[in-house]
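Colleague: A predicted structure for the sequence below; I have some questions about it.
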Amino acid sequence: MNLWWWVLIAAAIAYLTKLLGYLVPAKILANPRMSRVAGTLTIGLLASLTVANAAASGTAVVLDARVGALAAAAIALWLKAPFLVVVLAGALAAAVLRLGGWP
Amino acid sequence: MGLERAPSVKLRDSPAAKVGASIAIATGLYGVSFGALSVASGLSLWQTMALSLLLLSGGSQFAFIGVIAGGGTGVAAMSASALLGIRNGVYGMQLNAIMRPTGWRRLVAAHLTIDESTATATGQSDPVEQKRGFWVAGVGIFIFWNVMTAVGAVIGNALGDPKQWGLDGAAVAAFLGLLWPRIKGFQAAAIAVVCAVVTLLAVPLVPPGVPILLAALVAGLIGWFRQGRTPSHAPGHVGDGMEPDLPPYRHDVGQLVQSVTAAQTTGMNIAAVENCPPESAGLVGEVTPMTRKQI
């Protein structure tokens, strides 16, 4: 299927998910289990996305300049740098490492 | 807005509007990165713009192009995007409870329901300020994010290989930056590590994009089965980073919110202002907006 369809379906699902929140009675929010699942799910997804974007290349696990970006971002975050600085640190680290000959 | 009893603070003096505008600018600038990465991932300029205009949720948008960039299928990209967007539904419930939007406002508010607008609104205590924070952050991000996405997509085309500029490193850093403020306790760190390991183990075994969904499944199951051990944890008050409504940009936003809160607490106790007409209230100076919040 054309990628356009998936873009539009993803957008429709995203909007309906948001709208559903406004239509659901507020007492469902009081369910600690659902709240907890939403919290752990977000952590798991972000951790997985971080690692997948840092080390996955197709179906192979590779160590390239992106690992340097991950380390640089972690240092920036540890130093309490603002979000934008963290992103720039990641880009800079990857760019410099590639300039130095790392893949 | 007809329900306001006291004359409220002007928009330019509103603390929530200031926080919202700061977040809108900071987040909007980051749209450059999304635009450039999206085009680099193989999406067209208009597909990129469609994601920013219609999907409007940073995490979901990066998830979508992240899966495509890794060679994943459209359905895997859509699934990762949809899963990462689930928290927006939770935000919708919270915002509905505090703002009670009706009619077309509800439809527009739903579209603008994202991490930043929710964080700005829930960071305020006064209902009027909550609404202002939400709308200023939401509308501001919608505008800045889309303009900068377009800039990034166009510049990204002109830059050549985005890897040369480390833009794939920027994506890695961005995801870590979104994850970082949520890792506040042992449990949250353990879930992150488990899901990272699951991802790395799954990468060689399943098609690209699927490892993220497997990690999500593991994380969801952990949340589901751990519920019984933490019955006293109400939504939003867990404090260990597991709550779904944690502001993602703790470092910049947190400081802003803290300074606003400090101003609120120090500027109290001018009860006389309550009975003043708006013109004379202006004489009180900087403190007035904060004081009027309490009325």
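Modeller: Looks like it arrived, so ask away.

Colleague: What is the burial count for residue 25?
Modeller: Here I'm looking at chain A. Counted with other CB atoms under 10 Å in any protein chain shown, the neighbours of A:P25 add up to 10. The way it works is simple: take the backbone N, C-alpha and C, and place the C-beta from them, glycine included.

Colleague: sorry, should have said chain B
Modeller: 14.

Colleague: Skipping adjacent residues, who's closest to it in space?
Modeller: Spatial nearest neighbour of B:I25, excluding adjacent residues (CB to CB, 6 or more residues apart in numbering or on different chains): B:F144 at 6.3 Å.

Colleague: all helices of chain A, in order?
Modeller: A:3-23, A:32-55, A:65-78, A:83-99 (DSSP state H).

Colleague: Indicate which one of these is closest to B:M49.
Modeller: Set against B:M49 and scored by CB to CB, the helices of chain A come closest in helix A:3-23, at 10.0 Å.

Colleague: coming back round to it: and among the helices of chain A, the most buried is which?
Modeller: Mean neighbour count (mean count of other CB atoms under 10 Å in any protein chain shown) peaks for helix A:32-55 among the helices of chain A, with a mean of 26.

Colleague: by contact count, what packs against it?
Modeller: With contacts defined as 3 or more CB pairs under 8 Å, 6 or more residues apart in numbering or on different chains; DSSP states H and E, helix A:32-55 has these neighbours: helix A:65-78, helix B:58-69, helix B:74-84, helix B:86-99, helix B:167-179, helix B:186-202, helix B:210-226.

Colleague: and the angle from the lowest-mean-pLDDT helix or strand in chain A to helix B:167-179?
Modeller: Here the helix or strand of chain A ranked lowest by mean pLDDT, DSSP states H and E is helix A:32-55, holding a mean of 84. Here helix A:32-55 runs at an angle of 160 degrees relative to helix B:167-179 (axes from the mean of the first three to the mean of the last three CA atoms, to 10 degrees).

Colleague: now helix A:32-55 and helix B:210-226, what's the angle there?
Modeller: 150 degrees.

Colleague: For helix A:32-55, C-alpha coordinates in CSV please.
Modeller: What follows is helix A:32-55, C-alpha atoms only, in CSV (Å, rounded to 0.1, in the frame of the first residue of the first chain):
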residue,chain,number,x,y,z
PRO,A,32,-4.8,3.2,38.5
ARG,A,33,-4.2,0.2,36.3
MET,A,34,-4.9,2.1,33.0
SER,A,35,-2.9,5.1,34.2
ARG,A,36,0.0,2.9,35.1
VAL,A,37,-0.1,1.0,31.7
ALA,A,38,0.0,4.4,29.9
GLY,A,39,3.0,5.4,32.0
THR,A,40,5.0,2.2,31.5
LEU,A,41,4.1,2.0,27.8
THR,A,42,5.5,5.5,27.2
ILE,A,43,8.8,4.7,29.0
GLY,A,44,9.1,1.4,27.1
LEU,A,45,8.4,3.0,23.7
LEU,A,46,10.8,5.8,24.2
ALA,A,47,13.5,3.5,25.5
SER,A,48,13.0,1.2,22.5
LEU,A,49,12.9,4.0,20.0
THR,A,50,16.1,5.4,21.5
VAL,A,51,18.0,2.1,21.2
ALA,A,52,16.5,1.2,17.8
ASN,A,53,17.5,4.6,16.4
ALA,A,54,21.0,4.4,17.9
ALA,A,55,21.9,0.8,17.0
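
Colleague: what about B:Q187, how many residues close to it?
Modeller: A count of nearby residues for B:Q187, using other CB under 10 Å, gives 20.

Colleague: Pull out the buried residues from the one helix or strand B:F134 maps to.
Modeller: In the assignment (DSSP states H and E), B:F134 maps to helix B:127-159. Under the neighbour-count criterion of 16 or more other CB atoms under 10 Å in any protein chain shown, helix B:127-159 has B:128-138, B:140-142, B:144-150, B:152-153, B:156 buried.

Colleague: packing partners for it?
Modeller: helix B:15-29, helix B:31-40, helix B:45-50, helix B:86-99, helix B:103-111, helix B:115-122.

Colleague: what angle separates the fifth one from helix B:86-99?
Modeller: Using the same axes, to 10 degrees, the inter-axis angle of helix B:103-111 relative to helix B:86-99 is 140 degrees.

Colleague: what's the answer for the longest one, then?
Modeller: In terms of direction (the same axes, to 10 degrees), helix B:15-29 departs from helix B:86-99 by 160 degrees.

Colleague: now B:Q130: how far from chain A?
Modeller: According to CB to the nearest CB, to the nearest Å, B:Q130 stands 15 Å off from chain A.

Colleague: right, and that residue touches B:I98 too?
Modeller: Yes. Using CB atoms under 8 Å, B:Q130 makes contact with B:I98 at a distance of 5.4 Å.

Colleague: anything in contact with each of these two?
Modeller: B:A121, B:T122 (CB atoms under 8 Å, 6 or more residues apart in numbering or on different chains).

Colleague: Pass me the low-pLDDT residue ranges in chain A, would you?
Modeller: By pLDDT under 70, the weakly predicted segments of chain A are A:1, A:26-30.

Colleague: ok so, going back, residues touching the residue nearest to B:I25, list them.
Modeller: Counting by CB under 8 Å, 6+ apart, B:F144 touches B:A24, B:I25, B:T27, B:G28, B:L29, B:G31.

Colleague: Alright, that wraps it up for me.
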